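Engineer: Can you look at this prediction? I've put the sequence above it.
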Amino acid sequence: MMRIVALAIASVAGLVMLLSPFFPAMESVGAQSSEIFNVIAAIAFILGAGSLVKVNLSRVGRRDTGWGYAFVTLLCFAITLIVGLGKIGVPPNPQFAATPWAGEKDAAGSAFAWIYEFILTPITSTMFALLAFYVASAAFRAFRAKNREAMLLLGTAFIVLLGRTFAGVWLTGGFPEWASGLRLENLSMFIMQVFNTAGNRAIIIGIALGVTATSLRILLGIDRSWMGAGGGSA
Amino acid sequence: MVRGRSITSDAARMMLPLLAVCAVAGFQHTLASAHTQEIAAAVSTEDAAAVGAPTTSLFTPGKLPLAVAIIVTSGCIIAWMLQARAGASMYLRRIPALDAVTNAVGRSTEMGRPVLFIAGIQDMDNIQTVAGITVLSHVAKTTAEYDATIEVPTSRSLVMEAAREAVRGSYQAAGRFDAYNADAIRYITDEQFGFVASVSGQMVREKPAACFYMGCFFAESLILAETGNSIGAIQIAGTAESSQLPFFVAACDYTLIGEEFMAASAYLSGAPDQIGSLKGQDAAKVIVATLILLGVVLATIAALNLPQSEAVSRVFESLKGALGS
Amino acid sequence: MEGVLGILERLDRRWVFLAMALAVAGPILVMGITRKTLPETPTDASRAVFQVVQSLPRGSTVLLSFDFDPGSAGELEPMGVSMARQCALRGHKMVFISLWPLGGQMIDQTIKKVLRADFPHLQDGVDYVNLGFQTGNEQVMRVVLTDFKRAFPTTKAGRATADLPILSGIERVGDFALLAQVSAGYPGSKEWVQYVVSASGGKLPMVSGCTGVQTPQLYPYFPGQLRGLLGAIKGAAEYESLINAWVSDPANAAEMASAGADGGVSAVIPPKYLEAQRRMGPQLGAHLLMVVLILLGNVVYLAQRRSQRRAAA
């Protein structure tokens, strides 16, 4: 019974969302649905935080592999929560100077801003920078000229890699004006704007049609697997 | 025994239909994107139509082409679904990535290691996440049948709840409800690289035998896939983020590219009407390709200095205006 | 030869990591010591960003959306810095927003680095304002189409936007002269194009700066929906070099003076305005290493294939 109710809500509300951009009278309903989503997401965050604490506490309790990381996670979670909710070190809001805690939690000078600037920023940047290493490792291992298509891909990769740096200018910058199209930086741009654009458009259109089919299957209740494989097919 | 069930998780389950609705709502926006791409590809339009200003008409002016596009594509899909339901035979090409799901789970069982499933890093209002959850339910059913364990770290609380519901339903359907562990599906953090760091650490420590990446991914795709590769896991990825596809193709054993990923649930279910929807999708693609070809031919004739060019140019411009408005 | 191939075949990926670290660190150190940068030849897409900002009438109000966080700051921060700098040099008013939770802080850093340091006469709330982060992704974009202040009722510092001098005359997003956006992913340039630029009927010109991974995805929109595009650190370096060339040109001295830029026309550019160009050095090292690694990988592959064929024969 619950599944039928769930499907009915999904279908009706989904249809409303689908039609709302086309009928001005329904626009507010569509906007409200999006706002409802934000509210639900905010409430669900409590569930997420609960799960985080529960899983990591039990890991620490059981002394599982990597329990030390779980402990650090819990510690950081607690510190950030206290600093953020308590607005520690937050300067007063100029508009409401007499009201305590009226300032923004991440205002300059606050403890939260300090955590952001001196802990989160370097950690996040480091993680992002790891990509360079992984790209190099993947290129060494996976970029093989196994067939004709792979060779074309390799050639394109070399042109783009060199054309996007000074190496391209250095290697082919001396080409005469009539052959300027063959300069690596120009070839690289040509590949990006012509071949890449054409391929991307094809992929995007294919994806959009795939999304349409998926959405229709869910809206019509034909694909119920989002409720578990038991939901099955209609 | 069901671990980790609570009143809150039941309440969250009640919310699921609403979440799905929000995800489904994303589809018209994606269509709008495709519409923009079609116009751009066919007629190199500069801008689409003016909307957004307050209006008093019954139908939003300027949205007619989008409405027609939705009706035509949806019509094609529904027509083929009905045909399939009526018993028409439909050919569906093999998708090796999906055929490999059973092998990957079987390998995990043999090695006594878990299966890792990541449904992307976006929320339930992203259709890719919904598609990822539908694949998860099929994978979870296989893990239940093969007696393998499944780990599902999530980067959004709502996704965690949706994933729990999907896995729970799958274990129930497989008659292995006793093996369902709610704590295996857990929330990590919304922060992109925090999530990656945690999952990569888990991969290195627990060495899952099979890793599934199904959903919306960004810069973390390569970090995850390379870590999975380094531990020797069999890896199957699927995403509609075209910018991340090259990374998955390079580092994973199998990759579902764009629309293949969207078709995964239908393919795995094997249900005739779901497979019919894929056929309808192909028909819509033929219509789109024809329109693009028409645009290209008209634009080329208009650009050439032929006696008919001016007339064609006028037709082309009016068509461009109609599509763009 | 066999020995070398054997080593390459069994090469631990940590050696690749080490090689990458050296390829990146070398140019950073060399450029840091010599203070020299590599010359840039701007592409049409980067030149277009510069031209669009230049062509706006002085005093235009520009909306700058910094949709990125510290993770991608290495690639995107120089774009944000250059955009703010060029707007200030041209006397444009700047309204900063972000749809990324940590974007508000990125804006603060840019304001501190560019506006407060080199344009101290500019007033917060009058010449520029940081409206900070707003949650809701595409929903925010839909709201700003009809009512900008509803989406951003207060500034990041908590001041109401209703009576903010810089926002007088701004009802909806279409009232801005330009949308300059820096994008690290979702929500980003693609969403701004789909939800705002298309919906504004071409009345709102948009320029974008994005990460290298996103660049191929955004080229289909240039030069239609996107009037200019900065792709990755390369695009940032090209844009930076264009601004530096303009600043160094004595012909622009009068305009520089009227913008109140400290220091006036100078051939010596402060290091903070050379960040993107300096980062092209490590980029060069990394790209060259990638080419070498791909070649080596293929040498190993061909050798393996040959030995397999021999064994089969």
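Structural biologist: Nice, thanks for sending it over.
Engineer: Surely residue A:82 touches residue A:89?
Structural biologist: No - counting by C-beta atoms under 8 Å, residue A:82 does not reach residue A:89; the two are 11.9 Å apart. Where you see a C-beta, it was placed from the backbone N, CA and C, and this is true even at glycine.
Engineer: quick one: which of these two has more around it?
Structural biologist: residue A:89 (15 against 11; other C-beta atoms under 10 Å in any protein chain shown).
Engineer: did I read that right, that one in a strand?
Structural biologist: No - according to DSSP: H, G, I helix; E, B strand; the rest coil, residue A:89 belongs to no strand; its state is coil.
Engineer: for the record, mean pLDDT for the helix ranked longest in chain A?
Structural biologist: If you go by DSSP state H, chain A has its longest helix at helix A:24-62. Regarding helix A:24-62, the rounded mean pLDDT is 84.
Engineer: If you count contacts, what does it end up packed against?
Structural biologist: helix A:2-19, helix A:67-85, helix B:7-43, helix B:157-173, strand B:185-187, helix C:138-146 (3 or more C-beta pairs under 8 Å, 6 or more residues apart in numbering or on different chains; DSSP states H and E).
Engineer: With respect to the ones you listed, which exhibits the lowest mean confidence?
Structural biologist: Among those, helix B:7-43 has the lowest mean pLDDT, at a mean of 42.
Engineer: which non-adjacent residue is nearest residue 79?
Structural biologist: Let's take chain A. Excluding its sequence neighbours, the residue lying closest to residue A:79 (C-beta to C-beta, 6 or more residues apart in numbering or on different chains) is residue A:115, at 7.9 Å.
Engineer: Correction: the question concerned chain B.
Structural biologist: In space, and not counting its chain neighbours, residue B:79 is closest to residue B:280: 6.2 Å by C-beta to C-beta, 6+ apart.
Engineer: Beta-bridge partners for residue C:64, please?
Structural biologist: Going by DSSP bridges, residue C:64 is paired in beta bridges with residue C:96, residue C:180.
Engineer: ok, the most centrally placed residue in chain B - contacts?
Structural biologist: By C-alpha atoms, centre = their mean, chain B has its centre lying nearest to residue B:128, at 3.6 Å. Listed by C-beta atoms under 8 Å, 6 or more residues apart in numbering or on different chains, the contact partners of residue B:128 are B:120, B:122, B:215-216, B:239-241, B:261.
Engineer: can I assume residue B:204 is in contact with residue B:227?
Structural biologist: Yes - between residue B:204 and residue B:227 there is a contact under C-beta under 8 Å: 6.7 Å.
Engineer: returning to what we had before: the residue nearest to residue B:79 sits in which helix or strand?
Structural biologist: Taking DSSP states H and E as the criterion, residue B:280 maps to helix B:272-303.
Engineer: Residue numbers of the stretch 201-325 of chain B in contact with chain A?
Structural biologist: Residues of the stretch 201-325 of chain B lying close to chain A by C-beta under 8 Å from any C-beta of the partner chain are B:201-202, B:205-206, B:219, B:222-223, B:225-226, B:229, B:240, B:242, B:245, B:247, B:250-251, B:257-263, B:265-266, B:269, B:271, B:273-274, B:277-278, B:280-281, B:284-285, B:288.
Engineer: Now, these that are in helices?
Structural biologist: B:201-202, B:205-206, B:222-223, B:225-226, B:229, B:245, B:247, B:250-251, B:259-263, B:265-266, B:269, B:273-274, B:277-278, B:280-281, B:284-285, B:288.
Engineer: Which of those residues are buried? Put it as a PyMOL command.
Structural biologist: Burial among these is assessed by 16 or more other C-beta atoms under 10 Å in any protein chain shown; the matching PyMOL selection reads:
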select buried, chain B and resi 202+206+222+223+225+226+229+245+247+250+251+259+260+261+262+263+265+266+269+273+274+277+278+280+281+284+285+288
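Engineer: give me every residue that touches the closest residue to the residue nearest to the centre of chain B other than its chain neighbours.
Structural biologist: In space, and not counting its chain neighbours, residue B:128 is closest to residue B:216: 4.0 Å by C-beta to C-beta, 6+ apart. Residues in contact with residue B:216 (C-beta under 8 Å, 6+ apart) are B:120-122, B:126, B:128-129, B:132, B:239-241, C:186.
Engineer: go on, residue C:8?
Structural biologist: Counting by C-beta under 8 Å, 6+ apart, residue C:8 has contacts C:296, C:299-300.
Engineer: now do residue C:97
Structural biologist: Per C-beta under 8 Å, 6+ apart, neighbours of residue C:97: C:63-66, C:103, C:131-134, C:152.
Engineer: Show the model's pLDDT score for the residue nearest to the spatial centre of chain A.
Structural biologist: Taking C-alpha atoms, centre = their mean, the centroid of chain A lies closest to residue A:128, which sits 13.0 Å from it. For residue A:128, the model assigns a pLDDT of 86.
Engineer: Same question for residue A:234.
Structural biologist: Note on residue A:234: pLDDT of 42.
Engineer: before we move on, the earlier item: now the longest helix of chain A, how far from the centre of its chain.
Structural biologist: Put simply, helix A:24-62 sits 17 Å off its chain's centre (C-alpha atoms, centre = their mean, to the nearest Å).
Engineer: next one: stretch B:302-311
Structural biologist: Mean-position distance between stretch B:302-311 and its chain equals 43 Å (C-alpha atoms, centre = their mean).
Engineer: Can you give me the buried ones in the helix or strand that contains residue C:241?
Structural biologist: Per DSSP H and E, residue C:241 falls inside helix C:232-248. For helix C:232-248, a neighbour-count test (16+ other C-beta under 10 Å) marks C:232-244, C:246-247 as buried.
Engineer: just stretch C:57-73 next, same as before
Structural biologist: For stretch C:57-73, the neighbour count (16+ other C-beta under 10 Å) marks C:60-73 as buried.
Engineer: Please identify which two of these are farthest apart in space.
Structural biologist: The two members of those with the most space between them (C-beta to C-beta) are C:60 and C:71, at 31.4 Å.
Engineer: do you know how far residue B:82 is from chain C?
Structural biologist: 32 Å (C-beta to the nearest C-beta, to the nearest Å).
Engineer: all strands for the stretch 51-200 of chain C, in order.
Structural biologist: Remark: strands assigned in the stretch 51-200 of chain C by DSSP state E, counting those that start in this stretch are C:61-67, C:93-98, C:128-133, C:178-183.
Engineer: Can I get those strands in JSON lines including mean pLDDT?
Structural biologist: Converted to JSON lines, the strands of the stretch 51-200 of chain C look like this (pLDDT from 0 to 100):
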{"stretch": "strand C:61-67", "mean pLDDT": "96"}
{"stretch": "strand C:93-98", "mean pLDDT": "96"}
{"stretch": "strand C:128-133", "mean pLDDT": "94"}
{"stretch": "strand C:178-183", "mean pLDDT": "96"}
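Engineer: Which element, helix or strand, includes the nearest residue to residue C:9 once chain neighbours are set aside?
Structural biologist: Excluding the flanking residues, the one nearest residue C:9 by C-beta to C-beta, 6+ apart is residue C:300, at 5.4 Å. Residue C:300 is located in helix C:275-312, with elements delineated by DSSP H and E.
Engineer: Tell me which residues of that helix come out buried.
Structural biologist: Per 16+ other C-beta under 10 Å, helix C:275-312 contains these buried residues: C:275-290, C:293-294, C:296-298, C:300-301, C:303.
Engineer: And whichever residue of the stretch 101-250 of chain B sits closest to chain A, how close does it get to residue B:183?
Structural biologist: Relative to chain A, the nearest point of the stretch 101-250 of chain B is residue B:169 (1.4 Å; C-beta to the nearest C-beta). Distance of residue B:169 to residue B:183, given as C-beta to C-beta, to the nearest Å: 17 Å.
Engineer: All set, thanks.
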